[in-house]
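Peer 1: next input, structure requested:
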Amino acid sequence: MDLDPQFVDMGFKLFYITEKPDGEMVREEILMNSTNTVHVETLPAGSLGLPIAINSTYITGEAEVEILQPGILILTKFKRWSINHTSTRPKTIRKVASDRNDIQFIIEWLAENCERIRFDEYKGKAKPELLAMIGKYYAKYADNEEHMEKLRSIMPDDWDDMLALPEPEPESTMPP
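Peer 2: The predicted model follows:
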């Protein structure tokens, strides 16, 4: 498969290289010599609550990569984060940290672009369940007032409903 030179595939993983690669290097060298690579996660349509036919996309970057609309994408991140955030397994801890970073970035992006979370376009869970997942995130990071204010700005019509939900049960410290 011919890829744009800024995309490198290694086995079943796809990476985006942020700087233009030297045309002389092979895939492995490009990936190992890059200072900033982005692992591109691909999800089959219909998984993690994604719609089967995705109509809500956003085109980003110079390469004009089409991605799922960030207002929907953030819900897939909240879903995985809310399930795994208490895990003590090393590999899961890394996934949770990656999801947390993605959530923080998407919240910032949505707030800066005056966008909102698109609950109605996410088909994997009912809105109260989605609000409960975000409520777990809020409970964990409520002390970061600036970040929580940005979260509130991207879900203003649903903020009070989220806060009105019952407190999440204390998380088990036993590994899942």
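
Peer 1: got any ranges where this protein has weak pLDDT?
Peer 2: Low-confidence segments of the chain, defined by pLDDT under 70: 1-12, 14, 16, 18-28, 30-31, 36, 38-66, 168-176.

Peer 1: try 80
Peer 2: Applying pLDDT under 80 to the chain flags the ranges 1-68, 123-124, 167-176.

Peer 1: would you map out the domains in this structure?
Peer 2: 7-40, 69-164 (automatic domain parsing).

Peer 1: reformat the ones you listed as TSV; add mean neighbour count.
Peer 2: Heads up, the C-betas are built off the backbone N, CA and C, glycines and all. Formatted as TSV, the domains of the chain follow (neighbours: other Cβ atoms under 10 Å):
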stretch	mean neighbour count
domain 7-40	13
domain 69-164	16
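
Peer 1: roughly how far does T88 sit from W81?
Peer 2: To W81, T88 is 15 Å away according to Cβ to Cβ, to the nearest Å.

Peer 1: no, scratch that, I was asking about K140
Peer 2: 9 Å.

Peer 1: A139 versus the closest residue to S153 other than its chain neighbours, what's the distance?
Peer 2: Once flanking residues are discounted, S153 sits nearest to A111: 5.1 Å by Cβ to Cβ, 6 or more residues apart in numbering. According to Cβ to Cβ, A111 stands 20 Å off from A139.
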